[in-house]
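> Sequence and predicted structure are below.
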Amino acid sequence: MSERDSCSMQRQQLNQWFDSPLGRSLQAHEAHHLRAVLPNLYGTVAAQLGRIGDFDLMDACIAPTRILLDDQAEPGRCRVRSVPEELPLDTRSADVMILPHTLDFCDDPHQVLREVSRVLRPEGHVVILGFNPMSMWGLRRLVARRPRPAPWCGKFFRLARIKDWLALLDFETTHGMMLYYRPPLRNEGFMHRLHFLDKMGDRWWPMMAGVYLVVAKKRVVGVTPLPVSWKTKRTAASGAAQPAARGMILPFRKQ
């Protein structure tokens, strides 16, 4: 099995894990904080790299066109089949890119970020969710039996490394937060009783959260972004694929 096939299988396992009580609890927490971040990121096109669970993470986006890129095709779902290392989108065609644990479960995280940089317009934003290895979640990953099940089979990159990679691609980190201070326990009732840790964590142990959320802006030297016209009617290029996404034409890369 190739590394890419292995990562695809791990992403499928992660998606299934997010349907567990612990996964649903974490995803609800992540979705709550995304609703506070995404409305402040302007643009006409938003894309999410990979589906996790059943929450609509782009629900709070103000962009009228929303694209879900995923390598797991399912009937009845509006999505584009794609691997994160090779995005079928035009250069400078998106304003917001959301990576929900995408870097933790991909073959080449550097290539994924290069593709994000290519697809984003100047002053566009990338939003990254990742598991924090410097936490009880990271410790749980270290003691997990091999082969590790999801989510412990992920790479769990340090936040400092993610910020370094972004800086090398001329991204400016504009916002960040640490999320979910509860330990990864299976007992749903006990996890609910530990809800107070999420309120105390930011004050007493801010870097020990299970997940980090990072927002970074693409900077392009010498380029002034054109103002976006929200009322401009968008038309499809001749022969372009036209999957449905809120009635808009998706900006696919020309072959």
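Arrived safely. Numbers count the residues shown, from 1 in each chain.

> beta partners for the residue nearest the centre of the chain?
Using Cα atoms, centre = their mean, the residue of the chain that lies closest to the mean C-alpha position is residue 99, 1.7 Å off. Assessed by DSSP bridges, residue 99 has beta-bridge partners residue 128.

> right, and it touches residue 120 too?
No: under the criterion of Cβ atoms under 8 Å, residue 99 makes no contact with residue 120, lying 11.7 Å away. Bear in mind the C-beta positions are built from the backbone N, C-alpha and C, glycine included.

> give the contact list for residue 211.
Contacts were defined as Cβ atoms under 8 Å, 6 or more residues apart in numbering; by that measure residue 211 touches 26, 29-30, 129-132, 137, 178-180.

> In PyMOL, how would I select just the buried ones from the residues you listed?
Here is the PyMOL command that selects only those of the contacts of residue 211 that count as buried (16 or more other Cβ atoms under 10 Å):
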select buried, resi 26+29+30+129+130+131+132+137+178+179+180
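
> Out of the contacts of residue 211, which sit inside helices?
Using DSSP state H, the members of the contacts of residue 211 that fall within helices are 26, 29-30, 137.

> related to what we said a few turns ago, quick one: the residue nearest to the centre of the chain from residue 49, how far?
Relative to residue 49, residue 99 is positioned 5 Å away (criterion: Cβ to Cβ, to the nearest Å).

> Show me whatever sits in contact with both of the two.
Both residue 99 and residue 49 are in contact with 84, 112, 116, where contact means Cβ under 8 Å, 6+ apart.

> Please identify which of these is nearest to residue 35.
Distance from residue 35 was checked for each of these by Cβ to Cβ. The minimum falls on residue 116, at 21.7 Å.

> dump the residue contacts of that closest one.
For residue 116, the contacting residues are 49, 87, 97, 99, 126, by Cβ under 8 Å, 6+ apart.

> where do the strands sit along the stretch 1-150 of the chain?
Chain-ordered strands for the stretch 1-150 of the chain, with DSSP state E, counting those that start in this stretch as the definition, fall at 45-49, 65-70, 80-81, 94-100, 120-131.

> right, so of the ones you listed, which gets closest to residue 220?
Proximity to residue 220 (Cβ to Cβ) singles out strand 120-131 among these, at 4.2 Å.

> unless I'm mixing things up, residue 134 is touching residue 157, no?
No: with contacts counted by Cβ under 8 Å, residue 134 stays clear of residue 157, the gap being 10.7 Å.
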